[in-house]
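Trainee: Make a model of this:
(one chain, ligands or ions: 5)
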Amino acid sequence: MNLREVGEFGLIERLRDKLNPADDTVIVGIGDDAAVLSYDAKSYVVMTTDMLVEGVHFREDTIDFRSLGWKSLAASFSDIAAMGGIPRHAAVSLAIPPSYEIESLEQLYEGIAEICSEFQAHVVGGDIVKTDGPFVISVTVNGEAAQGKALLRSGAQPGDLVFVTGTVGGSAAGLVLLESSQKSLLPPDEQLTLITFHQRPVPQVQVGQILRTSGGCTSCNDISDGLASELNEIAAASGVGIRIDENRLPLAPAVTNFARITGQNAIDWALYGGEDYQLVGTLHPLAYSAVVTACQMNGIRFTLIGRVIEGSGVVMERSAGGETVLTARGYNHFTE
Ligand SMILES: Nc1ncnc2c1ncn2[C@@H]1O[C@H](COP(=O)(O)OP(=O)(O)OP(=O)(O)O)[C@@H](O)[C@H]1O
Ligand SMILES: Cc1ncc(C[n+]2csc(CCOP(=O)(O)O)c2C)c(N)n1
Ligand SMILES: [Mg+2]
Ligand SMILES: [Mg+2]
Ligand SMILES: [Mg+2]
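Mentor: Ligands and ions are numbered 1, 2, ... in the order given. Okay, here's the model as predicted:
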């Protein structure tokens, strides 16, 4: 069968069927943002790996090396955050075209060091190979989580509230701006805001901790492929339906402004753009006030965008009236 037909997620299912069953050290295996592993009685190890490929995840004209270093680790820290874990240790492997300058790779590592100091994480190893293909960065991150309380995609219950942190659609807007010949239509400060959303996403480790300790977060996912895709993953893993409200989607003013100027759709960026690395999930209503207070105290934007219902799939109530079924049409390698 053709890869374009099964897509990235169909391929994962097919490959997973070939593997041996996991043993009891695997608390959460394939299927969530990160694996949760138990080696002793104290705490869980949370482990995730992701690749970034030149031409697919970045190009010379969409990111500088220092930001690329930041973003490469941010994506993995975000997966750890989505499990309620704290990122601790990383391994970084590079497949490098021989034409690359050593200074560029040093800049990459300055960005890696920057995010590691921000989150008190450490690079503890990696690997380097030469390639005649594109530049590839592979990042594996291990984190820590308290035993028994990892945030999964699979616990949403009808009646729960659907939340998202920060704002959404900013990374896609930033990418459109970086690729656009109409940059100057937007004020310089808003240009910088959009470019920062794309190049320097901030993994939501702190809110992951707030959610985990609240005891009422029933599901969580980070936004790599787009809100529509992540919500569908939660709905499918939890066996529930989700209703969200278009009016409630948190968009940064620079994003709506840029959409207006270029005649593009900011809601589509939020739903299908991806790479915002915010957290989306569900909360038992009784946990809401404690979570929102903790977020306010820490300057974290936390928005309710809908509700969990019985059934399946994701529906969005439109601001113009009516509703739209949101398919998992986010970023999917092979179908893109
Ligand atoms: N080649 C593979 N072999 C085994 N498991 C895989 C493979 N590729 C992905 N997975 C697993 O499938 C699940 C879904 O992966 P996916 O990459 O969609 O999640 P993610 O890392 O949260 O998202 P993204 O890659 O968009 O940031 C994860 O548990 C992941 O570890
Ligand atoms: C040059 C360029 N073109 C397109 C994109 C957009 N993009 C690439 S991969 C991806 C999903 C996340 O990746 P993954 O699912 O592998 O974690 C997105 C939204 C980009 N960043 N740069
Ligand atoms: Mg993820
Ligand atoms: Mg992944
Ligand atoms: Mg993805």
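Trainee: Now for the residue nearest to L3 when sequence neighbours are not counted: which residues touch it?
Mentor: Distances taken as C-beta to C-beta, 6 or more residues apart in numbering place F334 nearest to L3, at 4.7 Å, with adjacent residues excluded. Bear in mind the C-beta positions are built from the backbone N, C-alpha and C, glycine included. For F334, the contacting residues are 3-4, 6-8, 11, by C-beta atoms under 8 Å, 6 or more residues apart in numbering.
Trainee: State the helix or strand in which F334 lies.
Mentor: F334 belongs to no helix or strand when assigned by DSSP states H and E.
Trainee: Counting only helices, which of the contacts of F334 make the cut?
Mentor: The helices, defined by DSSP state H, take in 3-4, 6-8, 11 from those.
Trainee: are any of those residues buried, and which?
Mentor: Buried subset of these (neighbour count, 16 or more other C-beta atoms under 10 Å): G7.
Trainee: picking up where we left off before, would you mind measuring from the residue nearest to L3 to E5?
Mentor: Distance of F334 to E5, given as C-beta to C-beta, to the nearest Å: 9 Å.
Trainee: And M47, by the same measure?
Mentor: Distance, M47 to E5, using C-beta to C-beta: 30 Å.
Trainee: hang on, the earlier thing: nearest to ligand 1, of the ones in helices among the contacts of F334?
Mentor: Ligand 1 lies nearest to E8 out of those, by C-beta to the nearest ligand atom, at 6.8 Å.
Trainee: picking that back up, ok, M47 and E5, which is more surrounded?
Mentor: Higher neighbour count among M47 and E5: M47, with 20 against 9, using other C-beta atoms under 10 Å.
Trainee: which strand residues sit across from the more buried one in the sheet?
Mentor: Note on M47: beta-bridge partners A35, N142, judged by DSSP bridges.
Trainee: Show the pLDDT at it.
Mentor: With respect to pLDDT, M47 scores 98.
Trainee: swap in the one 10 residues further on?
Mentor: pLDDT, the model's per-residue confidence, is 98 for H57.
Trainee: what's the answer for D132, then?
Mentor: 98.
Trainee: And the residue in the stretch 151-300 of the chain that ligand 3 sits nearest to, how close does it get to P97?
Mentor: Ligand 3 sits closest to D222 of the stretch 151-300 of the chain, with a gap of 4.3 Å, by C-beta to the ion. Relative to P97, D222 is positioned 30 Å away (criterion: C-beta to C-beta).
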